[in-house]
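J.: Fold the following.
(2 chains)
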Amino acid sequence: DVKVTQSSRYLVKRTGEKVFLECVQDMDHENMFWYRQDPGLGLRLIYFSYDVKMKEKGDIPEGYSVSREKKERFSLILESASTNQTSMYLCASSSPGGSNTGELFFGEGSRLTVL
Amino acid sequence: AQSVAQPEDQVNVAEGNPLTVKCTYSVSGNPYLFWYVQYPNRGLQFLLKYITGDNLVKGSYGFEAEFNKSQTSFHLKKPSALVSDSALYFCAVRDFTGGGNKLTFGTGTQLKVEL
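T.: Presented below is the predicted three-dimensional model:
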């Protein structure tokens, strides 16, 4: 089975702190994604990556950055956390679009609270 | 831009009755459509997808979805609901822009199945 592992299920941070959310997948997928989930807004794409050291902005990249140094790992970074970044963060991966239809495999999520 | 809409925030149904969770889409070209389910404090799980072919798609846990091109809809259905089907359901469409393998999600519909 595909496994996408997010390192922290629950985090509590203070305003202004730097926050790292880590995601690892074990299926050798090229594509990895970070979404945030908020009630009434569904899932919104923050950043995604098609390959190592490559990144693309999604719909809401402001206040976030990402790092992909290894194929299996995709990190989301909040340089200076703010209260409006309190949310559920979901990591996902998939194999290239040419070889599949776009199905994503999700991690369990990281619930971040910024005080 | 590709988008999906889920017009109902919540759907209530009695156990044993049929259920429908609605989704409409707006795309340029042929749509790749997906349904995912999320149980409390968990990541999203893939239920089913429509790419091409038969308009009735069967998926996991007895769910099915009907693709209707003229109504631009992709409603999720189950003939007989179970209490354990209570969860948050997301419709999604593949976004091909920017060389993409991204999914754009709806806002979600909370399904509550009662005894």
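J.: For the chain, give me the ranges with low pLDDT.
T.: As the question left the chain open, I've gone with chain A. For chain A, the stretches with pLDDT under 70 are A:1-2, A:97-102.
J.: Chain B was what I was after
T.: Low-confidence segments of chain B, defined by pLDDT under 70: B:98-100.
J.: How about the residues of it by chain A?
T.: Contact residues (Cβ under 8 Å from any Cβ of the partner chain) of chain B with chain A: B:6, B:9, B:32, B:34, B:36, B:41-46, B:49, B:51, B:90, B:94, B:96, B:98-108. (C-beta placed from N, C-alpha, C; glycine too.)
J.: Weed out the non-buried ones from those.
T.: B:6, B:32, B:34, B:36, B:43-44, B:46, B:49, B:90, B:94, B:96, B:100-108 (16 or more other Cβ atoms under 10 Å in any protein chain shown).
J.: Just these: which are in strands?
T.: B:34, B:36, B:44, B:46, B:49, B:90, B:94, B:102-105 (DSSP state E).
J.: Do you have the strands of chain A handy? List them.
T.: Assignment of strands within chain A using DSSP E yields the ranges A:4-6, A:10-13, A:19-21, A:23-25, A:31-38, A:42-49, A:56-57, A:65-70, A:73-78, A:87-94, A:105-106, A:110-114.
J.: Alongside chain B, which residues does chain A contribute?
T.: Counting by Cβ under 8 Å from any Cβ, the residues of chain A near chain B are A:4, A:31, A:33, A:35, A:40-45, A:48, A:50, A:56, A:58, A:90, A:92, A:94, A:96-97, A:101-109, A:111.
J.: Show the buried residues in the residues you listed.
T.: Buried members of the residues of chain A next to chain B, counted by 16+ other Cβ under 10 Å: A:4, A:31, A:33, A:35, A:42-45, A:48, A:50, A:56, A:58, A:90, A:92, A:94, A:97, A:102-107, A:109, A:111.
J.: and the residue nearest the centre of chain A, how far is that from B:Ala1?
T.: By Cα atoms, centre = their mean, the mean C-alpha position of chain A lies nearest to A:Trp34, the distance being 2.6 Å. Distance from A:Trp34 to B:Ala1, counting by Cβ to Cβ, to the nearest Å: 19 Å.
J.: next one: B:Tyr39
T.: Distance from B:Tyr39 to B:Ala1, by Cβ to Cβ: 30 Å.
J.: Same check on A:Gly58?
T.: A:Gly58 sits 12 Å away from B:Ala1, going by Cβ to Cβ.
J.: and residue 79, what does it touch?
T.: Here I'm looking at chain A. Residues near A:Glu79 by Cβ atoms under 8 Å, 6 or more residues apart in numbering or on different chains: A:18, A:63, A:65.
J.: oops, chain B please
T.: B:18, B:62.
J.: how does it look with 10 Å?
T.: B:16-19, B:62-64 (Cβ atoms under 10 Å, 6 or more residues apart in numbering or on different chains).
J.: And the residues you listed, which is closest to chain A?
T.: Nearest to chain A out of the contacts of B:Pro79 is B:Phe63 (Cβ to the nearest Cβ; 15.3 Å).
J.: what's across from the closest residue to A:Arg73 other than its chain neighbours in the sheet?
T.: Nearest residue to A:Arg73, sequence neighbours excluded (Cβ to Cβ, 6 or more residues apart in numbering or on different chains): A:Val24, at 5.2 Å. Using DSSP bridges, the bridge partners assigned to A:Val24 are A:Thr5, A:Arg73.
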